[in-house]
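Participant: fold the stuff below for me.
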Amino acid sequence: MILEIISVAGLMASLVMASVLAFFFRYFQRYFEEPEEFRRSYNLVLLFLVALILHSLHLIGTALDIPNEHVFEVMAVFLLLGVIFQATRRAFTMAVTADIRREEKARRIAELTALQKELEKTAKELSETKDFFNSIIESSADAIVASDNDKRIIYFSRGAEELFERKAEEVLGKNVLHLYPKDALVKEKRLERSRKLRKKGVIRNIAMEIETPSGKRKNISLSLSLLRDEKGRVRGTVGVAKDVTREVKAAEEVRYLKELSDRVFEGIPEGLILMDNEFGIISVNRGFERITGVRREDVIGKNALEYMRIPELEGVFEAMHLKQKVVMVKYSGQSLGPTEFTYVSPEGERKVFTDYWTPLFDEDGEVEHILVIIRDMTKRKALEEGLKEQAARLKRSNELKDMFTDIMRHDLLNPIGVIRNYVELIKDEELPPLARKSIEAISKNAAKAVEMIENASRLAKIENLQEIEFEERDLGAMLKEAVEVLKSHGEKKGITLVAEADGEYPAMVNPFLEDVFSNLLSNAIKYSPEKTKVYAGIEDAGKSWRAFVKDQGEGVPDQYKETIFTRFERLKREGVKGTGIGLAIVKKIVEMHRGRVWVEDNPGGGSIFYVEIPKEPAG
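Facilitator: Numbers count the residues shown, from 1 in each chain. Next up, the predicted model:
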């Protein structure tokens, strides 16, 4: 009975031990270096447990007198022998493989150490490479801004700080759209740009204008690309912006200059033809269309040397010898013309043109274009012919005027001189009062005729002068001399001449200026009442000397103060005495000195004639 209980207890203990060992072996499986080692140890324990179970079954069979109970004992013995054999082999194998494992472990440790050093080296190189690329990015003049999928800024380069005038710490974590202008934030534009970016992965050269916090407006060119992780998943967007303000302004200036050059090209009245160095006609202007009557679309793109294919221009190009000139300009690099040529249109209209050829060079000094300027000279030629005819008529008229002046001076003065001589002889005779009065009238009018002839001759001589010579003279001395010469003439009417020209008044003048003072003084005596005074003097007027002749005569009405200096103008004016030749001579001489003459009212009655003469030589 006891044996049975022990056998059953042994069997139960074996089963419990098998369960516990199975659990612990499974738990400690992670500590075995190789799965094969665990499998062998696990199987060995199971064999041992099976032997214990068979031995327990043998004991139970013996206690219960079960037949063939020795079968379990025999199987248990064999299993125990197997376990002993496996345990022995296992111990030998473990002893052998222990050294191998130690060597393998040492080799792996060495490999791991080497791999760790290699990894440390690689990590260092990666760090240096990262720093290098970061330094490149930071040193870039372009602005680089990275944002995540929520549009929060995660990177803001130094170039971005300069472009947007914001510090990185101010914008990191903020919405990237705040950097760009309002028109870039329009929902439709953003969606369209986002779709394009997702499709192509990159968008280049988006032009926009931004305003910085300082109020400065900048033109930028923005390129966008997707930011991906190592698995290719989109994590955000990278924007690279470049300040193109100067380029935009330069482009605007180039565009303006091009438009300006086009307007100038079109606005020039002459006909212009622009050819390339292969003689292809690039452009013509409106002047060309007007002069030739040929539309630009009929010639642009055609070769000038093949002008036979342009019937409307064949006559013009043939007359201007286009083939010879275009080759000369291209291969000599020199301008030609202007040369004149005549063209007869199919309608029989005769036209005169001039053409001027000039090469336009590239930066290497090679002829790149040829510009031809065609000017219609038909009207100008006709005008020149008319002017030549007019000049011939004027020349003939001047010759006749000179001849008349000579006749007037020589042939008229002689008979008048004879009349004056006879009058002087008759005046000495005893005559009745009426006859004497008539003789005096004849003498007075003969003197006037002589004066008119002398003045007219002097005026003609002055007007024919092309240029005059100047010399330094004292205006005060010239004025005083004129006063002395005419003093006796004034005394006949009881008129006193007073000279107010003390000191020296040097100026570069022509001796003709003496006639100015003589004419003004003579007129003052002639038109002043008897027993009055005529004052003549010179004042300093800054850069000029101002001479004056002041009388106490009738004065000059305001409406005639300008016209009295015009030749023969007084003949048309009532209330103004004389022909005006003397004052016309005065004005002509003064203008030759780059001076001016005018008349004003004398506050005490009469007139004051002023003459201004520059102190320096006439320019």
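
Participant: pull out the buried positions in stretch 200-220.
Facilitator: Ile203, Ile206, Ile210, Lys218, Asn219, Ile220 (16 or more other Cβ atoms under 10 Å). (Glycine included, C-beta is placed from N, CA and C.)

Participant: could you say which helix or strand holds the closest residue to the fifth one other than its chain neighbours?
Facilitator: Right, the one you point to is Asn219. Nearest residue to Asn219, sequence neighbours excluded (Cβ to Cβ, 6 or more residues apart in numbering): Val248, at 4.1 Å. Counting by DSSP states H and E, the element that carries Val248 is helix 245-267.

Participant: now that helix, how far from the chain's geometric center?
Facilitator: For helix 245-267, the separation from the chain centroid amounts to 7 Å (computed by Cα atoms, centre = their mean, to the nearest Å).

Participant: the next helix or strand after it to helix 245-267, inter-axis angle?
Facilitator: For helix 245-267, the succeeding helix or strand toward the C-terminus, using DSSP H and E, is strand 271-276. Using axes from the mean of the first three to the mean of the last three Cα atoms, to 10 degrees, the direction of strand 271-276 lies 130 degrees away from that of helix 245-267.

Participant: helices or strands next to the very next helix or strand once past strand 271-276 in the packing?
Facilitator: Next helix or strand after strand 271-276 toward the C-terminus (DSSP H and E): strand 281-284. Packing contacts for strand 281-284, counted by 3 or more Cβ pairs under 8 Å, 6 or more residues apart in numbering; DSSP states H and E, involve strand 271-276.

Participant: mind listing what Glu247 touches?
Facilitator: Neighbouring residues of Glu247 by Cβ atoms under 8 Å, 6 or more residues apart in numbering: Asn219.

Participant: backbone phi and psi for the closest residue to Val316 other than its chain neighbours, please?
Facilitator: Spatially, and ignoring its direct neighbours in sequence, Val316 is nearest to Tyr343 (5.5 Å; Cβ to Cβ, 6+ apart). With angles defined as degrees, to the nearest 10, Tyr343 sits at phi -130, psi 130.

Participant: thought Ile374 was touching Tyr343, still the case?
Facilitator: No - Tyr343 is beyond contact range of Ile374, at 10.2 Å (criterion: Cβ atoms under 8 Å).

Participant: could you pull up the residues touching Phe280?
Facilitator: To be clear, residue 280 is Gly; Phe isn't right here. Taking Cβ under 8 Å, 6+ apart, we find Gly280 in contact with Gly301, Lys302, Asn303, Ala304.

Participant: what subset of the residues you listed is buried?
Facilitator: Neighbour-count burial (16+ other Cβ under 10 Å) is assigned, among the contacts of Gly280, to Ala304.

Participant: from the contacts of Gly280, which land in strands?
Facilitator: Here DSSP state E is the test, and the contacts of Gly280 give no hits in strands at all.

Participant: of the contacts of Gly280, which is the nearest to Phe288?
Facilitator: For the contacts of Gly280, the closest approach to Phe288 (Cβ to Cβ) belongs to Ala304, at 12.5 Å.

Participant: quick one: contacts for the closest one?
Facilitator: When contacts are counted by Cβ under 8 Å, 6+ apart, Ala304 touches Ile273, Met275, Phe279, Gly280, Ile281, Phe317, Leu322, Val326.

Participant: which of the residues you listed lies closest to Ser443?
Facilitator: Ile273 (78.8 Å).

Participant: just say helix, strand or coil for the nearest residue to that closest one once chain neighbours are set aside.
Facilitator: Nearest residue to Ile273, sequence neighbours excluded (Cβ to Cβ, 6+ apart): Val372, at 4.2 Å. Following DSSP: H, G, I helix; E, B strand; the rest coil, we place Val372 in the strand state.

Participant: please tell me how far Val372 sits from Leu112.
Facilitator: Counting by Cβ to Cβ, to the nearest Å, the gap from Val372 to Leu112 is 86 Å.

Participant: which of these two has more neighbours?
Facilitator: More crowded of Val372 and Leu112, by other Cβ atoms under 10 Å: Val372, with 26 against 11.

Participant: before we move on, back to that, for ChimeraX, what selects the buried ones among the contacts of Ala304?
Facilitator: Entered in ChimeraX, the line below selects the buried ones among the contacts of Ala304, by 16+ other Cβ under 10 Å:
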select :273,275,279,281,317,322,326
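
Participant: what's the neighbour count on the nearest residue to Met275 once chain neighbours are set aside?
Facilitator: Leaving out its chain neighbours, the residue that sits closest to Met275 by Cβ to Cβ, 6+ apart is Ile370, at 4.6 Å. Neighbour count for Ile370, taken as other Cβ under 10 Å: 21.

Participant: tell me the contacts of Ile370?
Facilitator: Shown in contact with Ile370 (Cβ under 8 Å, 6+ apart): Leu274, Met275, Asp276, Asn277, Phe279, Val326, Val329, Lys330, Trp357, Thr358, Pro359, Leu360.
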